[in-house]
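*Asks:* give me the fold of what follows.
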Amino acid sequence: MSNTFKLIAVSAALATVVSCSRPKAGETATTTADKATAQSTEHAPGEGHACGKHGAGHAHGDGEKHHGAMPDHVKNYHAVLSPIWHGTTARRTTACSKVGELVAAAKLFPAGTANQNEMAGAALQAKTDALQTTCASATVTDADFEVTFTAVHDAFHAAMEAAKP
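*Replies:* Numbering: from 1, shown residues only. Purely as a prediction, here's the structure:
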């Protein structure tokens with residue numbers, strides 16, 4: 001898949017996440033988080049899920065059970081990110097308290113421009129650094145935090161896919 005196509009797919013997924021990320025009457029925060037998760041770029045083109053129509057039994061928190069075998073550096077990042085991403089309370093506070101761990105875990109990904117794996121690792125490092133900057137700012141809104149945090153999540157999924165053998 002070309003980088004241009006991947007960029008378009010990620011942009012489309014992010015647009016859908018933003019449009020689907022607000023709870024509607026009768027929904028819980030968990031339902032909304034599931035909807036946002038359903039939009040991630042882990043799915044092949046054509047397998048997108050509009051606003052949470054994801055199917056029974058799909059649990060992102062299952063790590064390798066859901067995502068398949070992961071290299072250690074991917075497992076480490078996932079272990080920090082997953083409970084925050086899927087948490088239903090104090091997501092911003094929790095993410096910002098763990099941002100140092102995310103930055104350290106992101107640095108374990110190969111980064112560069114030689115191949116897709118390195119480019120995805122570099123993007124994850126940049127998005128995680130942006131999250132650290134967002135967390136350090138007293139003027140960032142919750143909405144801006146969610147955009148930045150969603151970008152971290154999506155960059156992680158891209159890096160995870162690129163790291164697969």
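
*Asks:* in the chain, what spans have low per-residue confidence?
*Replies:* 1-68 (pLDDT under 70).

*Asks:* give me that answer again for 90
*Replies:* 1-71, 87-90, 164-165 (pLDDT under 90).

*Asks:* which residues touch residue 149?
*Replies:* 85, 91-92, 95, 131, 134 (C-beta atoms under 8 Å, 6 or more residues apart in numbering). For glycine as for every other residue, the C-beta is placed from the backbone atoms N, C-alpha and C.

*Asks:* tell me which stretches of the protein form strands.
*Replies:* Listed in chain order, the strands of the chain (DSSP state E) amount to none at all.

*Asks:* tell me how far the residue lying closest to residue 140 once chain neighbours are set aside lies from residue 95.
*Replies:* Nearest-residue entry for residue 140: residue 134, 5.1 Å, with adjacent residues in sequence omitted and distances by C-beta to C-beta, 6 or more residues apart in numbering. Noted for residue 134: a distance of 9 Å to residue 95, by C-beta to C-beta, to the nearest Å.

*Asks:* and if you look at residue 126?
*Replies:* 17 Å.

*Asks:* do the same with residue 155
*Replies:* Per C-beta to C-beta, residue 155 is found 14 Å from residue 95.

*Asks:* also residue 137?
*Replies:* From residue 137 over to residue 95 the distance is 13 Å, taken as C-beta to C-beta.

*Asks:* more neighbours, those two?
*Replies:* Neighbour count, other C-beta atoms under 10 Å: between residue 137 and residue 95, residue 95 has more, with 23 against 10.

*Asks:* I'd guessed that one sits against residue 140; true?
*Replies:* No: Residue 95 lies out of contact with residue 140 (C-beta atoms under 8 Å); the separation is 11.9 Å.

*Asks:* pretty sure residue 127 sits against residue 155.
*Replies:* Yes: the criterion here is C-beta under 8 Å, and residue 127 meets it with residue 155 at 4.1 Å.

*Asks:* what about residue 134, neighbour count?
*Replies:* Residue 134 - counted by other C-beta under 10 Å - has 22 other residues nearby.

*Asks:* and it, what does it touch?
*Replies:* Contacts for residue 134 (C-beta under 8 Å, 6+ apart) come out as 140, 144-145, 148-149.

*Asks:* who wins on neighbours among those residues?
*Replies:* Using other C-beta under 10 Å as the neighbour test, these are led by residue 149, with 24 neighbours.
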